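Chemist: missing the sequence, but the structure's below:
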């Protein structure tokens, strides 16, 4: 269900893309919508229009038979302070930089 309000919500977007070329296209698209947290995970603050735009762009990029994208709505962005619990090696938000795959 697409949100259409002007209030920003916080989202976590994670994806499993089966083809490396499509994965790169999805990754590049997501860089325009949020902060890269981990290989295929982004944190986004989006209003309803940008969220609908992002979902539409992703729908156009993925193969519905082999790829999977989840968009988790964490609620109004002003009420959400992202807290990350990391298991294993320490969590460091990834700075925006070139990715070589």
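Modeler: In hand now; what should we look at? Bear in mind the structure is a predicted one, so any value in this text is a computation, not a measurement.

Chemist: could you point out the longest helix in the chain?
Modeler: Counting residues, the longest helix in the chain under DSSP state H turns out to be helix 48-61.

Chemist: So which other helices or strands are in contact with the next helix-or-strand element following that helix?
Modeler: Sequence order places strand 68-76 as the next helix or strand after helix 48-61, per DSSP states H and E. Counting contacts by 3 or more Cβ pairs under 8 Å, 6 or more residues apart in numbering; DSSP states H and E, strand 68-76 packs against strand 9-16, helix 48-61. Placement of C-beta: from N, CA and C, glycine included.

Chemist: how about a markdown table for the ones you listed, with distance to residue 77 and mean pLDDT added?
Modeler: A markdown table is the format used below for the helices and strands packed on strand 68-76 (distance: least, Cβ to Cβ, whole Å; pLDDT from 0 to 100):
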| stretch | distance to residue 77 | mean pLDDT |
| --- | --- | --- |
| strand 9-16 | 5 | 96 |
| helix 48-61 | 11 | 97 |
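
Chemist: Point out the most buried one among those.
Modeler: strand 9-16 (a mean of 19; mean count of other Cβ atoms under 10 Å).

Chemist: for this protein, what helix or strand is lowest in average pLDDT?
Modeler: Of all helical and strand segments in the chain, the minimum by mean pLDDT, DSSP states H and E falls on strand 34-38, at a mean of 91.

Chemist: Is residue 6 in a helix, a strand, or coil?
Modeler: coil (DSSP: H, G, I helix; E, B strand; the rest coil).

Chemist: Now for it, how many residues are close by?
Modeler: Using other Cβ atoms under 10 Å, residue 6 has 8 other residues around it.

Chemist: residue contacts, the residue nearest to residue 16 when sequence neighbours are not counted?
Modeler: Excluding its sequence neighbours, the residue lying closest to residue 16 (Cβ to Cβ, 6 or more residues apart in numbering) is residue 68, at 4.7 Å. Counting by Cβ atoms under 8 Å, 6 or more residues apart in numbering, residue 68 touches 15-16, 62.
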